[in-house]
Structures are given as structure tokens and as C-alpha cells.
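# What follows is a predicted structure for the sequence shown.
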Amino acid sequence: MPHITLPDEFPGIRSLFMYSPATSEPMNQLANVLLYDPEYSTLTPGERELIATYVSTLNECKYCATTHGSIARFQLGDEPELVRQVQQDPEHAPISDKLKALLKIAAKVRQDGKKVSSADIDFAKEKGASEKEIHDTVLIAAAFSMFNRYVDGLATIAPEDPWLYEKIGRQRASEGYLTPPVPLDEESATH
């Protein structure tokens, strides 16, 4: 049960956005630029979603890990197994060495930014990461640590139904983060 009164028809961060529209807008704009905008980064939207998913998984934020995992799935061409592999063991997942190096940086950022070393940066560059991609990885990891703590710090609802996350994933993968969230309704609960 959430720690504050939130709208029942919206799970996770969506309920917090409905509760506080003034903070919702800049947070959605940040998420849209970091994760969706194809002009922002040379990392694909799917790769950026994988970084958000991995950080959320490490932070044990069920709502964010499942939601962004679903978005990554659809950004990557409906690849749920790839997402699961990255969440469980990115070192052995079928992703580029560059993305593996960036995920190592993201994992350190989510613990403490000071844990990222020059050796981590040099390794990522050796694997083909640009300085901009390193920057974007650090910013995504930092932002998602904040989003995860926001969601879990207020005990928002993380539904069990995988279909709901699939619905959110499809919406965000195709529309980005600037369109209003679709509320849960009777049809959603029963598909």
C-alpha cells in the first residue's frame, strides 16, 4: 500500500506523476530525451532502455525494471529473452562488448558515482564507446537511481500482471514519454 494517497488507476511512477503534475513534466521530458529521442544519443533507444532496465534491476525496483524491460523488449524488436539475459548476466548476454562495458559503468554509478574509475572509462573507450555514450550512460544510471528511489520510497503499486507491463512497454516504445499514461481500466485488469 502506498505511503501517500495515490490514484489507484495508475501504477508505479505513473501514480506519482498524476499526484504531482508539476514534477511530472520535467521528469518525463528528461526520460524522453535520455531514452527515446533518436537525435540525442548514438546509443539506440533499445540500448538506453537496457541501461535503465539493468540499473532498475540492480536497485530491486520491480516496477521500473519490469516496465523498462518491456519497453526495451519492443525497442529491440520484441526480444524478451535478450532483456532477461541482460538483467540476469549482462557479461554473457548477446550484446556488444561496448554495451557490456557501459553496463559495468552504470552498475557502479547506481552504487556510488565515485566508484567509476578511469580504468572503467578507458575500458569502455577501448570497446568502442564514445565520450558522449559514456556521459549518457552515467546520466541514465543516475536518473534511474533517482526514479527507482522515488517509486519505492513512496511504496507505489507494482502490479503482478505481465500484460500490464507489456501494454506500457508497447505504448512507450512507440510514443515516447511525453504522451499521457493510459490508466488501468476494467479491460486492462481482465485483458
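Perfect, I can see it now.

# State the pLDDT value of the closest residue to residue 85 other than its chain neighbours.
Of all residues not flanking residue 85 in the chain, residue 93 sits nearest, at 3.9 Å (Cβ to Cβ, 6 or more residues apart in numbering). Backbone N, C-alpha and C define where each C-beta goes, glycine included. Note on residue 93: pLDDT of 98.

# Quick check: residue 93 vs residue 22, distance?
The spacing between residue 93 and residue 22, counted by Cβ to Cβ, to the nearest Å, is 39 Å.

# more crowded one of those two?
residue 93 (20 against 6; other Cβ atoms under 10 Å).

# wait, the more buried one sits on residue 81?
No - shown here, residue 93 and residue 81 do not form a contact pair, counting by Cβ atoms under 8 Å, at 9.5 Å.

# Spatially central residue for the protein, please.
In the chain, the residue lying closest to the centroid (Cα atoms, centre = their mean) is residue 52, at 3.1 Å.

# Verify the stated contact: residue 144 with residue 64.
Yes - counting by Cβ under 8 Å, residue 144 does reach residue 64; the two are 6.7 Å apart.

# any residues in contact with both of these two?
52, 56 (Cβ atoms under 8 Å, 6 or more residues apart in numbering).

# Can you list the low-confidence ranges for the chain?
Along the chain, the model assigns pLDDT under 70 to residues 184-191.

# the longest helix in it is where?
helix 131-153 (DSSP state H).

# Give me the distance between that helix and the centre of its chain.
8 Å (Cα atoms, centre = their mean, to the nearest Å).

# Can you list the buried residues in that helix?
By 16 or more other Cβ atoms under 10 Å, the buried positions in helix 131-153 come out as 133-134, 136-141, 143-145, 147-148, 150-152.

# Residue 99 is in contact with residue 91, correct?
No - Residue 91 lies out of contact with residue 99 (Cβ under 8 Å); the separation is 10.9 Å.

# Show me which of the two is the more surrounded one.
residue 99 (26 against 10).

# ok, the nearest residue to that one once chain neighbours are set aside to residue 91 distance?
Excluding the flanking residues, the one nearest residue 99 by Cβ to Cβ, 6+ apart is residue 47, at 5.7 Å. Remark: distance between residue 47 and residue 91 (Cβ to Cβ) = 16 Å.

# For the residue lying closest to residue 31 once chain neighbours are set aside, the count of nearby residues, please.
Spatial nearest neighbour of residue 31, excluding adjacent residues (Cβ to Cβ, 6+ apart): residue 177 at 4.4 Å. Neighbour count for residue 177, taken as other Cβ under 10 Å: 19.

# so residue 177, which of the three states?
Judged by DSSP: H, G, I helix; E, B strand; the rest coil, the three-state class of residue 177 is coil.

# before we move on, what about residue 108?
Residue 108, by the three-state scheme (three-state DSSP), is helix.

# Quick check: closest non-adjacent residue to it.
The shortest distance from residue 108 to any non-neighbouring residue, by Cβ to Cβ, 6+ apart, is to residue 115 (4.1 Å).
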